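Novice: Give me the fold of what follows.
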Amino acid sequence: GSANFPDQLAVLKSIDFNDVDYIVIHYGTNDFNGAIIDNASNSKDYNTLCGALRYSIETLLTAYPKIEIFVSLPAFRFWTEDGTVTYSDTKTNTNGDKLTDFVKALADTAREYNLPVIDCYYGLSINKINAATFLGDGVHHNVDGRKRFGEYIGAKLIASGDV
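Specialist: Numbers count the residues shown, from 1 in each chain. Reported below is the predicted structural model:
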């Protein structure tokens, strides 16, 4: 939460990014409800999901061109409202977008920069049938979900070569 931001910022400021080989930019679903996916007239609009990703990628690679950036996509999830469960492949946000639209847009943006994509949405094999096994509250991974998530991302990093 926001109470942890100052501590997290202090940790980031203490890192010498000249010694960093890899960065994983992971997207969750915090922005899903109100975020605009992209701005067709201004691809660098960092007030949009994809514009912010472009800004981050360009800022990092301009300052540290040797860092390898991985873009990790949001995972499958569900919402429970008034006893009704809605899954991320069907629920729409206030802009009429589905989480799968976010997943596709982020993957496409990463590919604009030839960056590897870690597809947590489809790659974790979490779906309508088994979601409750891996998601404690519909959003956050429980112990089994965190294990699956960590092993999946770790395998993708190892498969990239130099890790």
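Novice: quick one: the strands in this protein?
Specialist: If DSSP state E is used as the criterion, the strands of the chain fall at 22-26, 68-72, 78-81, 84-87, 117-118.
Novice: what's the longest helix in this structure?
Specialist: Counting by DSSP state H, the longest helix found in the chain is helix 143-159.
Novice: Just send the strands of the chain back as CSV, with distance to A10 too.
Specialist: The C-beta positions use only the backbone N, C-alpha and C, and glycine is treated the same way. Written out in CSV, the entries for these read as follows (distance: least, C-beta to C-beta, whole Å):
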stretch, distance to A10
strand 22-26, 18
strand 68-72, 22
strand 78-81, 34
strand 84-87, 38
strand 117-118, 27
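Novice: out of these, nearest to K104?
Specialist: Among the strands of the chain, strand 117-118 comes nearest to K104, with 10.6 Å by C-beta to C-beta.
Novice: and the closest one, what other elements does it pack with?
Specialist: Using 3 or more C-beta pairs under 8 Å, 6 or more residues apart in numbering; DSSP states H and E as the contact criterion, the secondary-structure elements in contact with strand 117-118 are strand 68-72, helix 99-112, helix 143-159.
Novice: Buried deepest among the ones you listed, which one?
Specialist: Across those, the average number of neighbours (mean count of other C-beta atoms under 10 Å) peaks for strand 68-72, which reaches a mean of 20.
Novice: and that one, C-alpha only, in CSV?
Specialist: This file holds the C-alpha atoms of strand 68-72, laid out as CSV (Å, rounded to 0.1, in the frame of the first residue of the first chain):
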residue,chain,number,x,y,z
GLU,A,68,17.4,-6.5,-20.2
ILE,A,69,13.8,-5.7,-19.4
PHE,A,70,11.1,-8.3,-19.2
VAL,A,71,7.4,-7.3,-19.3
SER,A,72,5.3,-9.5,-17.1
